[in-house]
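# here's a sequence, model it:
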Amino acid sequence: MAANPEKPAAAAPRRKVSRHRGEGQWAVGHFTPLNGNEQFKKDDDGLNVRTRIETIYSKRGFASIDPNDLRGRMRWWGLYTQRRPGIDGGKTAVLEPEELDDEYFMLRVRIDGGRLTTRQLRVIGEISQEFARGTADITDRQNVQYHWIRIEDVPEIWNRLEAVGLSTVTACGDTPRVMIGSPVAGIAEDEIIDATPALEEIKRRVLNNPAYSNLPRKFKTAISGSPLLDVVHEINDVSFVGVVHPEHGPGFDLWVGGGLSTNPKLGVRLGAWVPIEDVPDVYEGVISIFRDYGYRRLRTRARLKFLVADWGAEKFRQVLQDEYLGGRKLIDGPAPAQPSSQWRDHIGVHRQKDGRFYVGFAPRVGRVDGATLTKIADLAEAHGSGRVHTTVEQKMIVLDVEQDRVESLMEGLEALDLTARPSTFRRGTMACTGIEFCKLAIVETKQRGATLIDELERRLPEFDEPLTINLNGCPNACARIQVADIGLKGQLMLDANGEQVEGYQVHLGGALGLEAGFGRKVRGLKVTAAELPDYIERVLKRFQAEREEGERFAAWTTRASEEALS
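Alright, predicted model coming up:
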């Protein structure tokens, strides 16, 4: 039958319109959790998991742990499950979390400002030997990380750490992580201002504080009064950088919104000078903006850097002043001067302001063990005043050494394969945890970094230009690959025989401090793990042959041809 032309056409189905719930920003009324992480944080504060660990999980064992605690809230006390042995990198993004999880934990000890006493260091070493199979890695955020930790042992570990003033609270999770600071604060001859009082007050206010225990994502802090700019301030959520105001004297320049991972962004200056007594208030203002206005809808956009990118420096500063500092106007101030040296790690022998010396030394890619840490504590007590600090380059420093004890200390360190006179390659190479323990990793890093150091020292013994080589086991950039002279991002690739092997995407010419910027990616440039020493040797020899007088490696890479870099 023909259709009746006078009959109106059937109406199209009505489209269901859903109300946009925004980015999950609390400050604009979006309190409904928009993903599983936000839900478990709303259900119970991560700080509360400690009681369950002490009273239930440590007594009943791994199988008793609630999944939302195991893969969520336990991070609030520094605990991550580590990778089950034997799982290759090709399965990292394929397997479910419970298939990747081992029944052991990584435990992170926070060391704010890198400040340790030898008593604390000895306890860290003893815990390593008794509970962590000797593991104790120095991280690039001044922490120490254990592996092979059993849940049954965690309460006793906490008791021993806290007896000497250490903690694992909010060492992980969506929280204020360890606050990195200059490892020579208060002692360096060239220091602009000692940030220690501000750092200690910030810790007092925010650690273990429920007001700051549910942030959209992790929150990284840096504060230093060193003219060397020694805390990688450009890649932290908030940084206070020592400067001298022409009218008000020493204080801090305020930076916000830095971070790396898969969407790297350098922090931006707010153009504000902050006196040391105001630093804690300003810090609380910045972290509160993140808590209240931070994006909670997508985890991939939940870091402060995305809010800062959308708002811009001017709006961020205005909101900080108007809503979080009670209308108090921040003082305009100068930017920090460029550091005088590309090396910012405090390695070697340096005079302190009191006439004594500090000695910085280099483990291999931050890998040490508990027995070595106790021996370092012995050396520091015999030659110094009992202070040992960690750096943001996976290095360590013994403080307060009299001049006539310096050589003896250095000999003692050399006996432990811990040199204060490292080669460029040992000094400048860092590596993340890698596939050995990390559930996100695709390739091995720590042992490969150590082997690479040995190979490059053998092949290029005279190379003495400042150079950083950073190895990362996955795209998340824990080892800061984008801001290294040579950044190596782990991935699987095919070798010349068509077989799948471990390899690295290469980033070249990244930098912090001196002309900060991200490294260059040469199209298609990937290197197998086996080819890595050959590749780096080849590129460094080309740099030596082509460089102009005084030219740094990073500057050369910006003008070099793709052929020269391949």
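
# who's in contact with the most centrally placed residue in the chain?
With the centre of the chain defined as its mean C-alpha position, the nearest residue by C-alpha atoms, centre = their mean is Arg141, 4.6 Å away. With contacts defined as C-beta atoms under 8 Å, 6 or more residues apart in numbering, Arg141 is in contact with 177-178, 180, 220, 392. Backbone N, C-alpha and C define where each C-beta goes, glycine included.

# redo that, cut-off 6 Å
By C-beta atoms under 6 Å, 6 or more residues apart in numbering, Arg141 lies in contact with 178, 180.

# quick one: secondary structure of it?
The three-state label given to Arg141 by DSSP: H, G, I helix; E, B strand; the rest coil is coil.

# now do it, the pLDDT please.
The model reports Arg141 with a pLDDT of 97.

# now do the contacts for Arg427.
With contacts taken as C-beta under 6 Å, 6+ apart, Arg427 has the following neighbours: 347, 362.

# for it, give me the pLDDT.
Looking at Arg427 specifically, the model assigns a pLDDT of 97.

# with Gly519 instead?
Here the pLDDT value assigned to Gly519 is 89.

# so it touches Gly509, yeah?
Yes - with contact defined as C-beta atoms under 6 Å, Gly519 counts as touching Gly509 (5.1 Å).

# where in this protein is pLDDT low?
With pLDDT under 70 as the threshold, the chain has low-confidence stretches at 1-21.

# so who does Ile235 touch?
258, 260.

# quick check: the gap between it and Met396.
As defined by C-beta to C-beta, to the nearest Å, Ile235 lies at a distance of 22 Å from Met396.

# cool, and Leu379?
On the measure of C-beta to C-beta, Leu379 and Met396 end up 11 Å apart.

# compare neighbour counts for the two and give me the winner.
Met396 (29 against 24; other C-beta atoms under 10 Å).

# in what helix or strand does the closest residue to Gly412 other than its chain neighbours lie?
By the measure of C-beta to C-beta, 6 or more residues apart in numbering, the closest residue to Gly412 outside its immediate chain neighbours is Leu379, 4.6 Å from it. Under DSSP states H and E, the secondary-structure element containing Leu379 is helix 370-383.

# other SSEs contacting that helix?
Where contact means 3 or more C-beta pairs under 6 Å, 6 or more residues apart in numbering; DSSP states H and E, helix 370-383 is packed against helix 118-131.

# check which residues of the helix it packs on are buried.
118, 120-129, 131 (16 or more other C-beta atoms under 10 Å).

# pretty sure Gly487 sits against Leu508.
No - assessed by C-beta under 6 Å, Gly487 is found out of contact with Leu508, at 7.5 Å.

# now for those two: what residues contact both?
Common contacts of Gly487 and Leu508, defined by C-beta under 6 Å, 6+ apart, comprise Gly519.

# ok, these two, which is more surrounded?
Regarding Gly487 and Leu508, a neighbour count based on other C-beta under 10 Å identifies Gly487 as having more, with 27 against 21.

# next one: that one from Phe518, what distance?
Going from Gly487 to Phe518 by C-beta to C-beta gives 9 Å.

# and stretch 336-351, how far apart are its ends?
Start to finish, the residues bounding stretch 336-351 are 23 Å apart (C-alpha to C-alpha, to the nearest Å).

# ok, stretch 294-302 next?
With C-alpha to C-alpha as the measure, the first residue of stretch 294-302 is 6 Å from its last.

# go through it and flag the buried ones.
Neighbour counts using 16+ other C-beta under 10 Å place 294-297, 299, 301-302 of stretch 294-302 among the buried residues.

# wait, what's in contact with the residue lying closest to Leu373 once chain neighbours are set aside?
In space, not counting the residues next to it along the chain, Leu373 is nearest to Gly125; the distance is 3.5 Å by C-beta to C-beta, 6+ apart. With C-beta under 6 Å, 6+ apart as the criterion, the residues that contact Gly125 are 370, 373-374.

# at 7 Å instead, please
136, 370-371, 373-374, 377 (C-beta atoms under 7 Å, 6 or more residues apart in numbering).

# now the helices for the stretch 301-450 of the chain?
Using DSSP state H, counting those that start in this stretch, the helices of the stretch 301-450 of the chain run over residues 304-311, 313-319, 370-383, 406-415, 424-428, 446-459.

# distance to Glu189 for those helices - can I get that in TSV?
Converted to TSV, those look like this (distance: least, C-beta to C-beta, whole Å):
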stretch	distance to Glu189
helix 304-311	34
helix 313-319	33
helix 370-383	20
helix 406-415	16
helix 424-428	21
helix 446-459	30
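
# looking at these, which is nearest to Ser167?
Taking C-beta to C-beta as the measure, the helices of the stretch 301-450 of the chain were each checked against Ser167, and helix 370-383 came out nearest at 17.8 Å.

# give me the contacts around that closest one.
For helix 370-383, contacts defined as C-beta under 7 Å, 6+ apart pick out 118, 121-122, 124-126, 128-129, 132, 134, 136, 386, 388, 396, 398, 401, 405, 408-409, 412-413, 416.

# could you check the angle helix 118-131 makes with that helix?
Here helix 370-383 runs at 160 degrees with respect to helix 118-131, directions being taken by axes from the mean of the first three to the mean of the last three C-alpha atoms, to 10 degrees.

# could I get the CA-only coordinates of helix 370-383 as CSV?
C-alpha atoms of helix 370-383 as CSV (Å, rounded to 0.1, in the frame of the first residue of the first chain):
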residue,chain,number,x,y,z
GLY,A,370,71.1,-2.1,53.5
ALA,A,371,74.6,-3.3,54.4
THR,A,372,76.2,-0.5,52.4
LEU,A,373,73.9,2.1,54.1
THR,A,374,75.0,1.0,57.5
LYS,A,375,78.7,1.3,56.4
ILE,A,376,78.0,4.8,55.1
ALA,A,377,76.5,5.7,58.5
ASP,A,378,79.7,4.4,60.1
LEU,A,379,81.9,6.5,57.8
ALA,A,380,79.8,9.6,58.4
GLU,A,381,80.0,9.3,62.1
ALA,A,382,83.8,8.7,62.0
HIS,A,383,84.5,11.6,59.7
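
# buried residues of it, list them for me.
Under 16+ other C-beta under 10 Å, the buried positions of helix 370-383 are 370, 372-377, 379-381, 383.

# same thing with stretch 244-253?
Neighbour counts over stretch 244-253 (16+ other C-beta under 10 Å) mark 244-245, 250-253 as buried.

# kindly reformat those as CSV containing secondary structure and distance to Ser561.
CSV is the format used below for the buried residues of stretch 244-253 (DSSP: H, G, I helix; E, B strand; the rest coil; distance: C-beta to C-beta, whole Å):
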residue, secondary structure, distance to Ser561
Val244, strand, 42
His245, strand, 45
Pro250, strand, 45
Gly251, strand, 45
Phe252, strand, 42
Asp253, strand, 38
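
# ranges for the helices of the stretch 51-200 of the chain?
For the stretch 51-200 of the chain, applying DSSP H, counting those that start in this stretch gives helices covering 58-60, 67-70, 97-100, 118-131, 154-163, 196-206.

# of those, which is nearest Asp310?
Each of the helices of the stretch 51-200 of the chain was checked against Asp310 via C-beta to C-beta, and the shortest separation belongs to helix 196-206, namely 24.8 Å.

# beyond the closest one, next helix or strand please.
Sequence-wise, the next helix or strand beyond helix 196-206 is strand 219-224, with elements assigned using DSSP H and E.

# what's that following strand in contact with?
For strand 219-224, the external contacting residues (C-beta under 7 Å, 6+ apart) are 175-177, 179-182, 195, 198-199, 230-233, 236-242, 287, 290, 304.

# got it, and stretch 429-445?
For stretch 429-445, the surrounding residues in contact (C-beta under 7 Å, 6+ apart) are 82-83, 89, 92, 100, 106, 137, 140, 147, 365-366, 393-394, 446, 449, 452-453, 469-474, 476, 478-479, 490-492, 502, 529.
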